[in-house]
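In: Can you look at this prediction? I've put the sequence above it.
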Amino acid sequence: MRRHALSFVILAALCAPSGAQEAGPHLRALAAGYKAAFLCSGLFNAGQTEAQVEADDLSRVYPEYRPLLPTLTARVDRAAKTVSVGFADGLPPRVAAWRPHLGCAQLPTGADPATAAALPRLEVAAPGPADARPWPMGDAGAEARLPRAAAARLERAVAAAFDRATYGRGTETTAVVVLEGGRIVAERYRSGYDRHTPQRTWSVAKSLTATLIGAAAHKGLIDLKAPAPVPEWQRPGDPRAAITTEQLLHMASGLHPEAAGNRTDDVYFGGTSVTEKVPGLPLEAKPGTRWLYANNDTLLLARAMRHRLGDGPAALAFPFTELLWKVGMRRTVPETDWQGNFILSSQVWTTARDLARLGQLYLQDGVWAGERLLPEGWSRYVATPAPAQPPNGAGAGYGAQFWLFGPKQGLPEGTYAMQGNRGQYVMILPAADLVVVRRGFDAVGDGERFDAARFTADVLAALGQRR
């Protein structure tokens, strides 16, 4: 009983409001960076109001940040498209600045706000507006009509995803899109969101990274079996030089993760660049022998790809010209750090429809509008179990930056998924020619998770009853 009482006191202290505990300067800098980053992206990527961002992106976040965020004052400069958040006397505010195509980047802690003008930019002409074009390149004719009874069953299943109870108590769904046979058979949004409202993908971005690696491999730029071209590892005697691109795809680098779980807050919220932080991690296991979910492996994939593309404008343009714009993902914004490294383990903003397009690309094995964008068999490759698997044998398995589902979860064999923090899911069911997208703002760390497998099974059942 005494142990439980002590645990309660510790938890209460961690979640206490401002003033109940003294936060250190680094934690305050991270919290300020968190607020600056999400306000910047929400305002200038998504076109939301400050109140909307506060209610969703800045609510129910990591417990250690919750008591700090309301105490930090943000200053928005809409002309310059910057957000500044003060956090300490004697240091400049934390700054996030928006650029076309590349979204928001944070300056390092302590940087002069004026240096935002020097952030990397992508000078490339985007294709013209595509909304009026036929689906999937545009939005016209995207919906397919179902028989009335089937449509009613599917609508009931989708509505339940928004009730904050059926698939997880307290979960908060913002969007659901269901594709069958490449057409939308169900689509629903919470108030404040629509087909053109992007949200942060969180770790769904990892699957986008795998897709970009596939595009690079298709062009002969990356050899999955060869050592990953991470330039920081190329000095003679560095044992990390033997880590292959495939081992990074499989979350099997053997690198020390530094923080428990997959937290990389210094990069995500601290303004630390990928290149100065991530390549320096030491080995702690033989590469290829241990599965450990880590943002760092994905960030290293993006680093390797950038280096192979020359670290210049071509590297910044590659995601857009070789993938996103080719498949109609016009409202997807992969963001960078202040040195131009894509933070492709999490920091991408996109819409539910764009994620549905990405899922459809996988159902088509990387072929889009008659053009092969990914190697033949790439869909099968990412959905093949990695040699080393998550230790929980009863849970989902892991492929190449995709999670693997099947009969254990009540789903058809061969189902695989993109998954991200706060309830981001793209479920891909080749056996049913189905893609199920769910976006949300579920609580971080202390709330129930949205049961995407059960929801997908219910969608499948609703559709299957009409056959």
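Out: Ah, there it is. All values reported here derive from a predicted model rather than from experimental measurement.
In: any residues touching stretch 239-247, and which ones?
Out: Residues outside stretch 239-247 that contact it (Cβ atoms under 8 Å, 6 or more residues apart in numbering) are 213, 222-230, 233-234, 253-255, 279, 283, 287-288, 301, 304, 400. (Glycine included, C-beta is placed from N, CA and C.)
In: Which of those are buried? Put it as a ChimeraX command.
Out: To isolate the buried members of those in ChimeraX, using 16 or more other Cβ atoms under 10 Å:
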select :213,222,224,227,228,229,230,233,253,254,255,279,287,288,301,304,400
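In: that's a helix at residue 212, yeah?
Out: Yes: applying DSSP: H, G, I helix; E, B strand; the rest coil, one finds residue 212 inside a helix.
In: per-residue pLDDT, it?
Out: According to the prediction, residue 212 has pLDDT 98.
In: so who does it touch?
Out: 302, 305, 318, 319, 322, 323, 344.
In: Would you tell me what the next helix or strand after the helix or strand containing the second one is?
Out: Spelled out, that is residue 305. Applying DSSP states H and E as the criterion places residue 305 in helix 295-308. Moving toward the C-terminus from helix 295-308, the next helix or strand (DSSP H and E) is helix 313-319.
In: For that next one, name the packing helices and strands.
Out: Applying 3 or more Cβ pairs under 8 Å, 6 or more residues apart in numbering; DSSP states H and E, we find helix 313-319 packed against helix 204-218, helix 295-308.
In: and of those helices, who's closest to residue 419?
Out: Taking Cβ to Cβ, helix 204-218 is the member of these nearest to residue 419, at 6.6 Å.
In: Report the distance from the closest one to the chain centre.
Out: Here the centre of helix 204-218 is set off from its chain's centre by 12 Å, with Cα atoms, centre = their mean, to the nearest Å.
In: could you dump that helix to CSV, C-alpha only?
Out: C-alpha atoms of helix 204-218 as CSV (Å, rounded to 0.1, in the frame of the first residue of the first chain):
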residue,chain,number,x,y,z
VAL,A,204,4.0,7.0,-40.2
ALA,A,205,6.9,9.0,-41.8
LYS,A,206,9.1,6.0,-41.3
SER,A,207,7.2,4.1,-43.9
LEU,A,208,7.4,7.1,-46.2
THR,A,209,11.2,6.9,-45.7
ALA,A,210,11.2,3.3,-46.7
THR,A,211,9.3,4.3,-49.8
LEU,A,212,11.9,6.9,-50.7
ILE,A,213,14.6,4.4,-50.2
GLY,A,214,12.7,2.1,-52.6
ALA,A,215,12.6,4.9,-55.1
ALA,A,216,16.3,5.5,-54.7
ALA,A,217,17.0,1.8,-55.1
HIS,A,218,14.9,1.6,-58.2
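In: Just the CA coordinates for the helix or strand following that helix, please, in CSV.
Out: Next along the chain after helix 204-218, taking DSSP H and E as the criterion, comes helix 245-249. Provided in CSV are the C-alpha atoms of helix 245-249 (Å, rounded to 0.1, in the frame of the first residue of the first chain):
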residue,chain,number,x,y,z
THR,A,245,20.9,-0.1,-45.5
GLU,A,246,18.8,-3.2,-45.1
GLN,A,247,19.7,-3.5,-41.4
LEU,A,248,18.5,0.1,-40.9
LEU,A,249,15.3,-0.6,-42.7
